[in-house]
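take this sequence and fold it.
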Amino acid sequence: MKLLPLLVVLTGIAGLSGCQIAQTEPASLTVAPQLAANNEVSAAFIPRRADPWVYKADNGYYFTSSVPEFDRIELRFSPDIAGLAQAEATTVWRKKASGPMSANIWAPELHRIDDVWYLYVAAGEAERPFQIRMYVLANSAADPRQGQWQELGQMQSALDSFSLDATVFAHRGQHYMVWAQQDAERSYNSALLLAKMATPGRLQAPEVIISQPEFGWEQQGYKVNEGAAVLIRHGKIFIAYSASATDHRYAMGLLWADETADLLKPESWHKAPAPVFQTRPEFNRYGPGHNSFVVGDNGEDLMFYHARDTQQLQGSPLSDGNRHTRWRQIGWSSDGLPLFNDHLPD
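Predicted coordinates:
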């Protein structure tokens, strides 16, 4: 993994706090006019929904997320982005009474592979709530809100340890999975791993670590890299991820590799040394993270994420359900790098 070896890379990412060079925006900065002109405080798009995932289908958009009770998986649908806010939430699966998948139902993601819908989700056990592992469900119905969701079991990695936040992407005819997992020595809470997929329910060796929580901003409260989201643009594969505890210290980082590189070689991946998106009290944006990317109604690149609207917690970061879904359009630098415009409201 390489740490931003090029000066042009640093200038291409807006909002890299701690890097003096990042204070200069490239002249080619692309910002949606409505974002640049908006001086209002950011507001929740969907209240009390964390870890938002939006999937663009042929006929519209599906939305899923973690619910505050961590007890079920919901899906919403709308023909356009705006309609997701008021769309009816359909519960498609509920936690079990005991054993695997009976507690802490976290961060579901909806994917369509070979005309079958898949849900990837993290879950614990009622008897051991933080025995978190990754699981996969499948549904062959045309509409994932209908039909029967079949539990395919645990998405097993080579190491049986705390693991979560699986996401899937396709590149050059091959499906890959990125997920967060603790190492055997428990030297950190989670790093990001990458592997090819043999099937939608099985990984293929080797599994490689592409990012570990090495910087101070990734180790606030907990040593965490999690919540990966993939965006392929301009000859590069970008992976946004989240780091640190899930309170106001939660923040987003960025990895990228050239699309022609061997993705299973850790040295193919570059890493920004500072967060690209973080707490901004002036916008009532606290602890933003666990994002997803989707193409909007007019072909624009959008980022959905969650954030709190206050630093004060009601209980712990997990028991406080006030993580709200928000979204924003991202821009692009002349070098083909994403601009999260951290300094602007949504």
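
do you know how far V230 is from K236?
Distance, V230 to K236, by CB to CB, to the nearest Å: 11 Å. For glycine as for every other residue, the C-beta is placed from the backbone atoms N, C-alpha and C.

and the gap between the residue nearest to G221 when sequence neighbours are not counted and N189?
Of all residues not flanking G221 in the chain, A245 sits nearest, at 2.8 Å (CB to CB, 6 or more residues apart in numbering). The spacing between A245 and N189, counted by CB to CB, is 9 Å.

who touches both of the two?
Counting by CB atoms under 8 Å, 6 or more residues apart in numbering, the common neighbours of A245 and N189 are Y222, V224.

comparing those two, which shows the higher neighbour count?
Using other CB atoms under 10 Å, the more surrounded residue of A245 and N189 is N189, with 21 against 18.

ok, the lengthiest strand in the chain: who's next to it in the sheet?
Ordering each strand of the chain by length in residues (DSSP state E) puts strand 100-113 first. Using DSSP bridges, strand 100-113 pairs in its sheet with strand 116-125 (antiparallel).

give the buried residues for the partner strand.
Burial within strand 116-125, assessed by neighbour count using 16 or more other CB atoms under 10 Å, is assigned to W117, Y118, L119, Y120, V121, A122, A123, G124, E125.

L194 reaches Q174, doesn't it?
No: L194 is beyond contact range of Q174, at 11.7 Å (criterion: CB atoms under 8 Å).

who's more crowded, the two?
Neighbours per residue (other CB under 10 Å) separate L194 from Q174, with L194 holding more: 25 against 11.

for K56, give me its contacts.
Applying CB under 8 Å, 6+ apart, the residues contacting K56 are V294, V295.

and the helix or strand hosting it, how far out from the chain's middle?
Assigned by DSSP states H and E, K56 falls within strand 50-57. Between the centre of strand 50-57 and the centre of its chain there are 9 Å (CA atoms, centre = their mean, to the nearest Å).

next, the angle from that strand to strand 100-113.
Here strand 50-57 runs at an angle of 30 degrees relative to strand 100-113 (axes from the mean of the first three to the mean of the last three CA atoms, to 10 degrees).

hmm, who's touching the helix or strand just after strand 50-57?
Downstream of strand 50-57, the next assigned helix or strand under DSSP H and E is strand 60-66. Outside strand 60-66, the residues within contact range by CB under 8 Å, 6+ apart are 46, 49-55, 73-81, 83-84, 87, 105-110, 119, 144, 294, 306, 323, 325.

how about strand 60-66 as CSV, C-alpha atoms only?
Provided in CSV are the C-alpha atoms of strand 60-66 (Å, rounded to 0.1, in the frame of the first residue of the first chain):
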residue,chain,number,x,y,z
GLY,A,60,-35.4,2.8,-9.8
TYR,A,61,-33.6,2.7,-6.5
TYR,A,62,-33.6,0.3,-3.5
PHE,A,63,-32.6,1.5,-0.1
THR,A,64,-31.6,-0.5,3.0
SER,A,65,-29.7,0.3,6.2
SER,A,66,-29.2,-0.6,9.8
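
average pLDDT across the helix or strand following it?
Next helix or strand after strand 60-66 toward the C-terminus (DSSP H and E): strand 72-78. Averaged across strand 72-78, pLDDT comes to 98.

show me what strand 72-78 is packed up against.
Using 3 or more CB pairs under 8 Å, 6 or more residues apart in numbering; DSSP states H and E, the elements in contact with strand 72-78 are strand 60-66, strand 90-94, strand 100-113.

run the angle between it and strand 60-66 for me.
160 degrees.
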